[in-house]
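[1] Here is a sequence together with a model predicted from it:
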4 protein chains.
Amino acid sequence: MEQSRSRQQVKAIMRLRELVISGNFKPGERISELAMVDLLGISRTPVRLALGQLAYEGLLKPLSRGGFVVSDFSVDDIFDAIEIRGTLEGTAARMAAERLTDKNEIEPLRAIYEEIEEAVRYLGDEDEVFGQYVELNEQFHDELLKLAKCPMLERSLSQITALPFASPNAFVEVQVERERKFDILRNAQYQHAVLIEAIEARDGGRAFAMGQEHARLAAANLRSAMKQEDLFEKIPGAQLVRRD
Amino acid sequence: MEQSRSRQQVKAIMRLRELVISGNFKPGERISELAMVDLLGISRTPVRLALGQLAYEGLLKPLSRGGFVVSDFSVDDIFDAIEIRGTLEGTAARMAAERLTDKNEIEPLRAIYEEIEEAVRYLGDEDEVFGQYVELNEQFHDELLKLAKCPMLERSLSQITALPFASPNAFVEVQVERERKFDILRNAQYQHAVLIEAIEARDGGRAFAMGQEHARLAAANLRSAMKQEDLFEKIPGAQLVRRD
Amino acid sequence: MEQSRSRQQVKAIMRLRELVISGNFKPGERISELAMVDLLGISRTPVRLALGQLAYEGLLKPLSRGGFVVSDFSVDDIFDAIEIRGTLEGTAARMAAERLTDKNEIEPLRAIYEEIEEAVRYLGDEDEVFGQYVELNEQFHDELLKLAKCPMLERSLSQITALPFASPNAFVEVQVERERKFDILRNAQYQHAVLIEAIEARDGGRAFAMGQEHARLAAANLRSAMKQEDLFEKIPGAQLVRRD
Amino acid sequence: MEQSRSRQQVKAIMRLRELVISGNFKPGERISELAMVDLLGISRTPVRLALGQLAYEGLLKPLSRGGFVVSDFSVDDIFDAIEIRGTLEGTAARMAAERLTDKNEIEPLRAIYEEIEEAVRYLGDEDEVFGQYVELNEQFHDELLKLAKCPMLERSLSQITALPFASPNAFVEVQVERERKFDILRNAQYQHAVLIEAIEARDGGRAFAMGQEHARLAAANLRSAMKQEDLFEKIPGAQLVRRD
């Protein structure tokens, strides 16, 4: 029974998250437990815990008098979330450099790098290239975090990347011109190479700075997207952003 | 009714947190909802939400099959949590430097600094001095974070300082020799002065590095405490730490 | 007469420098004043001062008993000189960020950036592109240093870039494959863009880190050149490098 | 004969340097070779080379038409020289961290630290304490540079510390109140401890930041000295500084 409750639970969280991110509610809108029970067709307890989980992720805001409203982000919040992710990923890279005990430990990271290299150089069908990139990029970031050997950092980072627009892949596809998109991939990949080199050389200062800089590619993409409404709406979680 | 539920709620969270931090359960011990209902004499719903809140704070760990166990930290986790707090407080100091629009904005921070200066130089009754310091130090850190003008950072920082041993005041009193304790206060206060100077000069790089370094005073204290069992037990949350 | 002495002087320095850099003497070889008087056909006093100037630049080493020998560098010295140049150029970028009083001040730097952009995107005749790049790149670095408003830094930087292999352009052409050469130009140009952005945003920490990273492109080129003797010999000052 | 020329040479350099630093000439004053021959009672050639050496050190400025004038520094130049020294000493500390191959290598640095500890804690006769400190501090900085294993960095650093007001000991005694002087020594010594800890932990980023911060104690002293004419004049090389 525990088991099935848990499956119900996961379903409740995923569906509620999807509803919030896709913009089903307005930023600032009050979310009532009962309405969600009706909307999702799921019983009260898992709905309540799903609401708590989304508050933890930052998608809902708990009210001091109880209950929740949909979070309401400013454009500055997105830039800030990207900068904080960069600082934490830079810290992951620094710790990876400082805690490397054996150069072989870095091989899985290098293997992912080589796969990206192949995907990026191939210059094939755009959607295929980007699809592969997004997947491999996520693997790269996961592996980097693993090398940091720091559960406390995983915890801090998972909290910030729970915000849809702060994840490492959030901005990869938010570009309209093919040439510019490939440029950014190549840049990102060059930065991946520097990260590997710095970790291998145990140069924590360089690894930190490059980890920080790497996230700023997303900020550059966000700046482009700000100029074009149709691009802005492609950003995951854009519906939660209030634009003044 | 909402109101009273909320008061019940706050009470449930505070009592459960106190029980966990003070070591009423063993690290890794399973916490059952029903047992807590009995133990706290509070009804099921607020207990359930309190469990969720403590999981958010990192004091409990949710099990994938549902339910919670008491978190179980290693000594390395404490060092890592301090380092992450330092990185985030360094980021707060950097942002404060970058976002200062008017030099007067820094006056409240300087006023707290001056109050600490008086308390530290006075060299009076030890308990009184440390009591004042702890209070003023908390104010200093809160004001610094305010100057960063970054709700996303407040969120990340509040998550890490929710761990009892990662708060800025966790180690202030974990020293046995009077002379050494005062030395550390003076050092901390010198670092406060550098933080103010760097923010005022809008020198974000210096502010970041000093914010990071400031937290490492806590790490130095932790290292001393590791050598003396009676000191180690004074660390808030020490009961959750597994020592091998 | 002063005037003509000075012209003699400049001629003596330039010819002696050329002789040393082009490998006319062996690293470690003793350079006698009289022999230089004969070789250059210039009188004793300007020769003596030229020897002093080259010692200042690091191409000759003064002996404690008087006289000079040709300097003798290791490959590690080149890497170190590049790293020190990067640290000082990073400092220039940081100071430029901190000392910017008016956003218009950055326009000359941006104008050079735009010219490089045109040259690099044009993808025309390779020699022409690289010729232009080398010239514009030098202008970019000079303008960056000007924005730092720091005569003391100009002095430190001019001492290190006097070493032929430590100048910002030393490695631009040390690449054999056309595709790889263009990749490096594009990377360097992307870093120029970040430098401008960081200075404009008065983000000294980012400007410093990127200035440092920028020089490491030269180190990457040096590593490639180490694998191919004919490339290594293209490095300015390679004749002064002892390879074990 | 070479030998005796060299002794003459050293004497010429030392006496000329002393004359310039002690303020025998006005900043900007033209220094004629012949007048120096008369003043020092040393023959033309060693005088000429001494002039060249002082130009290298930055105390004289070569004129493009030949000849030299006494250098002329602004107060900003002193602050900048201190900041550049800090950046280079930070780099020394970083390289020491990165290039440590055996933890025993750090023992000589720690031994000097322990000697300073004794001198500072002793709180004895003020002049004696400061005399010892100045000597041990110089040893500490020399040993740090040795650990960097980087001749190129020694060269850059020796050029900047040749400026009398940029040396690590320039400001140690520029404080009038006894209590404040001891505070600064204790602070400096705490920073020495962090440098050792960071190098030992191979934490290059921390070592760099602390090396930079360490030099800023001198900047803080300079700021105090700016407020009191009699203190300002105690700064080595103060006579070369133009105050507007």
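    Received, thanks.

[2] ok, residues contacting stretch A:35-43?
    Here stretch A:35-43 makes contact (CB atoms under 8 Å, 6 or more residues apart in numbering or on different chains) with A:8, A:11-12, A:15-16, A:19, A:44, A:47, A:50-51. Any C-beta I mention is one placed from the backbone N, CA and C, and that applies to glycine too.

[3] out of those, which are buried?
    Buried subset of the contacts of stretch A:35-43 (neighbour count, 16 or more other CB atoms under 10 Å in any protein chain shown): A:8, A:12, A:15-16, A:19, A:47, A:50-51.

[4] Pull the most distant pair out of those.
    The span of the buried ones among the contacts of stretch A:35-43, defined through CB to CB, is set by A:Q8 and A:L19 at 16.5 Å.

[5] Was I right to think A:L240 contacts A:F73?
    Yes - proximity of A:L240 to A:F73 meets the contact threshold set by CB atoms under 8 Å, at 5.3 Å.

[6] Which neighbours do these two have in common?
    Residues touching both A:L240 and A:F73 by CB under 8 Å, 6+ apart: A:P27.

[7] got the residues of chain A near chain B?
    Selection of chain A residues close to chain B by CB under 8 Å from any CB of the partner chain yields A:2-3, A:5-6, A:9, A:45, A:48-49, A:52-53, A:56, A:58, A:64-67, A:77, A:80-81, A:83-84, A:87-88, A:91, A:150-153, A:155-156, A:159-160.

[8] Tell me how chain A divides into domains.
    Domain segmentation of chain A under automatic domain parsing yields A:2-71, A:75-242.

[9] where does chain A have low pLDDT?
    A:1-6, A:122-124, A:173, A:175-176, A:178, A:244 (pLDDT under 70).

[10] count of residues packed around the residue of it at minimum distance from chain C?
    Closest contact between chain A and chain C, by CB to the nearest CB, is at A:A209 (3.7 Å). For A:A209, the neighbour count with other CB atoms under 10 Å in any protein chain shown is 25.

[11] now do A:D230
    Neighbour count for A:D230, taken as other CB under 10 Å: 8.

[12] List phi and psi for it.
    Dihedral pair for A:D230: phi -70, psi -30, per degrees, to the nearest 10.

[13] residue contacts, it?
    Contacts for A:D230 (CB under 8 Å, 6+ apart) come out as none.

[14] the strands in chain A, which residues?
    Taking DSSP state E as the criterion, chain A carries its strands at A:30-31, A:60-62, A:68-70, A:73-74, A:241-242.

[15] can you tell which of these is closest to chain D?
    Among the strands of chain A, strand A:73-74 comes nearest to chain D, with 31.6 Å by CB to the nearest CB.

[16] Dump the contacts of stretch A:35-43 into JSON lines; add distance to A:V174 as well.
    Listed next are the contacts of stretch A:35-43 as JSON lines, based on distance: CB to CB, whole Å:
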{"residue": "A:Q8", "distance to A:V174": "35"}
{"residue": "A:K11", "distance to A:V174": "30"}
{"residue": "A:A12", "distance to A:V174": "30"}
{"residue": "A:R15", "distance to A:V174": "25"}
{"residue": "A:L16", "distance to A:V174": "25"}
{"residue": "A:L19", "distance to A:V174": "22"}
{"residue": "A:R44", "distance to A:V174": "38"}
{"residue": "A:V47", "distance to A:V174": "33"}
{"residue": "A:A50", "distance to A:V174": "28"}
{"residue": "A:L51", "distance to A:V174": "29"}
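
[17] And the residues you listed, which is closest to C:D183?
    Nearest to C:D183 among the contacts of stretch A:35-43, counting by CB to CB, is A:L19 at 44.6 Å.

[18] Name all residues that make contact with the closest residue to that closest one other than its chain neighbours.
    Using CB to CB, 6 or more residues apart in numbering or on different chains and skipping the chain neighbours, the partner closest in space to A:L19 is A:F25 (7.2 Å). Contact analysis of A:F25 by CB under 8 Å, 6+ apart lists A:19, A:31, A:70.

[19] Could you do A:I78 as well?
    Going by CB under 8 Å, 6+ apart, A:I78 touches A:165-166, A:222, A:235, A:241.

[20] swap the cut-off to 6 Å and go again
    A:F165 (CB atoms under 6 Å, 6 or more residues apart in numbering or on different chains).

[21] could you pull out the helices for chain A?
    Taking DSSP state H as the criterion, chain A contains helices spanning A:2-21, A:33-40, A:44-57, A:75-99, A:107-122, A:126-147, A:151-161, A:178-200, A:204-226, A:229-232.

[22] Check the offset of the last one from the chain's centre.
    The gap between the average C-alpha position of helix A:229-232 and the chain average comes to 19 Å, counting by CA atoms, centre = their mean, to the nearest Å.

[23] Distance of the residue lying closest to A:E117 once chain neighbours are set aside relative to C:E117?
    Spatial nearest neighbour of A:E117, chain neighbours left out: A:Q189 (6.6 Å); criterion: CB to CB, 6+ apart. When CB to CB, to the nearest Å is the yardstick, A:Q189 and C:E117 sit 21 Å from each other.

[24] Could you check which of those two is surrounded by more residues?
    A:Q189 (19 against 14).

[25] Counting neighbours, what do you get for the closest residue to A:D183 other than its chain neighbours?
    Nearest residue to A:D183, sequence neighbours excluded (CB to CB, 6+ apart): C:R186, at 7.6 Å. C:R186 has 16 neighbouring residues, counting by other CB under 10 Å.

[26] Leaving out the residues flanking it, which one is nearest to A:E105?
    A:L147 is the one closest to A:E105 (CB to CB, 6+ apart), at 6.6 Å.

[27] try A:E29
    Leaving aside its sequence neighbours, A:E29 sits nearest to A:V70 (CB to CB, 6+ apart; 4.9 Å).

[28] For the residue nearest the centre of chain A, list the residues it contacts.
    Compute the mean C-alpha point of chain A, and by CA atoms, centre = their mean the closest residue is A:S167, 1.2 Å away. Taking CB under 6 Å, 6+ apart as the criterion, A:S167 is in contact with A:T161.

[29] In chain A, which residue sits nearest chain D?
    Nearest residue of chain A to chain D (CB to the nearest CB) works out as A:G205 at 3.6 Å.

[30] circling back: so which of the domains of chain A comes closest to D:L195?
    Comparing the domains of chain A by CB to CB, domain A:75-242 comes nearest, at 14.8 Å.

[31] Can you measure across that closest one, start residue to end residue?
    With CA to CA, to the nearest Å applied, domain A:75-242 spans 7 Å between its terminal residues.
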